[in-house]
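A.B. asks: Pasting the sequence and the predicted coordinates here, then a few questions.
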Amino acid sequence: MKILFFILLICSVFTTTSCSKPNDAKNKSTETSKNITANEEDFDSFLENFNNKPTFQRQRVLFPLEATLLDPSEYGMQTVNEKLEYKDWILLDFSYDSTFATRQMDRYEQRIRLYNDSSIIEHRGIDNGIFANFFFIKKEGKWFLKSFTDTSY
């Protein structure tokens, strides 16, 4: 009985996914042709996908990623240059709400500086030592995270 239920479930999934409206296919091909013609990715739409889709984010990071970090040692604070590999990557989220600047702990402001072929997202803490820059570049019309600096203490 369980096998019959499983087979019916699979058949219904295939039937549902294989039936599509011809207009949907036409719209998708039109959207694709517009993207190919424009050949330029908008930074805002890139950032939305980067924040919400883990697979997209990993595809749009240039590994090994160059990172400059603050390393406390017995001699004081020193910056250290590292290269992060794909397996070491922790997902980032640049979604920003204006309440982040007024919350009780870890207050910061986020600024996006957008240029023709590069962009910088800056995080600046408010009375707390947060200081980070994320550097993006545009290659062949697509945005990629190239490197970052996090000297927060």
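C.D. replies: Happy to help now that I have it.
A.B. asks: Determine the longest strand present in this structure.
C.D. replies: strand 61-73 (DSSP state E).
A.B. asks: Please enumerate residues in contact with the helix or strand following that one?
C.D. replies: Once strand 61-73 ends, the next helix or strand along the chain (criterion: DSSP states H and E) is strand 76-84. The contact list for strand 76-84, computed with C-beta atoms under 8 Å, 6 or more residues apart in numbering, reads 63, 64, 65, 66, 67, 68, 69, 70, 71, 151, 153. In short, each C-beta sits where N, CA and C put it, glycine included.
A.B. asks: From the chain's centroid, how far away is strand 76-84?
C.D. replies: 23 Å (C-alpha atoms, centre = their mean, to the nearest Å).
A.B. asks: Enumerate the positions of that strand that are buried.
C.D. replies: Neighbour-count burial for strand 76-84 flags residue 84 (criterion: 16 or more other C-beta atoms under 10 Å).
A.B. asks: Adjacent strands (with direction) for the following helix or strand past that strand?
C.D. replies: Proceeding N to C from strand 76-84, the next assigned helix or strand is strand 108-114, under DSSP H and E. Using DSSP bridges, strand 108-114 pairs in its sheet with strand 118-125 (antiparallel).
A.B. asks: Buried residues, the partner strand. List them.
C.D. replies: 119, 121, 123, 125.
A.B. asks: Please convert those residues to TSV, extending it with distance to residue 41 and pLDDT.
C.D. replies: Formatted as TSV, the buried residues of strand 118-125 follow (distance: C-beta to C-beta, whole Å; pLDDT from 0 to 100):
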residue	distance to residue 41	pLDDT
119	11	98
121	16	98
123	23	97
125	30	96
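A.B. asks: coming back round to it: can you name every helix or strand that the longest strand of the chain contacts?
C.D. replies: Packing partners of strand 61-73 (3 or more C-beta pairs under 8 Å, 6 or more residues apart in numbering; DSSP states H and E): strand 76-84, strand 142-150.
A.B. asks: Tell me the gap between the last one and the middle of its chain.
C.D. replies: Right, strand 142-150. Here the centre of strand 142-150 is set off from its chain's centre by 10 Å, with C-alpha atoms, centre = their mean.
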